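Trainee: Give me a 3D structure for the following:
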Amino acid sequence: MKARKVPLRKCLGCNEQKDKRELIRVVKNKDGEIFMDLTGKANGRGAYICKSIECYEKAYKRKSLERALQTAVSKEVYESMHKELENAK
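Mentor: Here you go, the predicted structure:
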């Protein structure tokens, strides 16, 4: 049998290629809403961040999430992401 390819995505914080399932997906849907997609299957433009506070803080500092989603990201979205990451630990 042929081995399946593992989908790789790049973390916005540390810029490392990792398995898609190890990362958290942040989605901007057609309505412009930005939210964390823990299932990884929501429709919309996605960006990926590691499940660590350090990578989140690097992405926040460099505004790489805004660049990847091609829109301004509100502070409320960042705060909810930070709370979610703290709870994940």
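
Trainee: chain center to the longest helix seen in the chain, what's the gap?
Mentor: The longest helix of the chain (DSSP state H) is helix 75-88. Offset of helix 75-88 from its chain centre (CA atoms, centre = their mean, to the nearest Å): 11 Å.

Trainee: What residues sit buried inside that helix?
Mentor: For helix 75-88, burial by neighbour count (16 or more other CB atoms under 10 Å) applies to Val77, Met81, Leu85. All C-beta atoms are positioned from the backbone trio N, CA, C, and that covers glycine.

Trainee: Please name the nearest non-neighbouring residue to the second one.
Mentor: Nearest residue to Met81 in three dimensions, chain neighbours excluded: Met36, at 5.9 Å (CB to CB, 6 or more residues apart in numbering).

Trainee: Dihedrals phi and psi, the one you found?
Mentor: Phi and psi for Met36, reported as degrees, to the nearest 10, are phi -80, psi 130.

Trainee: ok, it - contacts?
Mentor: Shown in contact with Met36 (CB atoms under 8 Å, 6 or more residues apart in numbering): Ile24, Arg25, Val26, Val27, Ser80, Met81, Glu84.

Trainee: check contacts around the last one.
Mentor: Read it as Glu84. Counting by CB under 8 Å, 6+ apart, Glu84 touches Ile24, Met36.

Trainee: hmm, 6 Å instead?
Mentor: Glu84 makes contact with Met36 under the criterion CB atoms under 6 Å, 6 or more residues apart in numbering.

Trainee: How about the second one?
Mentor: With CB under 6 Å, 6+ apart as the criterion, the residues that contact Arg25 are Asp37, Gly40, Gly46, Tyr48.

Trainee: If we use 8 Å, what do you get?
Mentor: Listed by CB under 8 Å, 6+ apart, the contact partners of Arg25 are Met36, Asp37, Leu38, Gly40, Ala42, Gly46, Ala47, Tyr48.

Trainee: what's the farthest-apart pair in the residues you listed?
Mentor: Spanning the widest gap among these are Leu38 and Ala47, at 14.2 Å by CB to CB.

Trainee: ok, these two, which is more surrounded?
Mentor: Between Leu38 and Ala47, counting by other CB atoms under 10 Å, Ala47 is the more crowded of the two (24 against 11).
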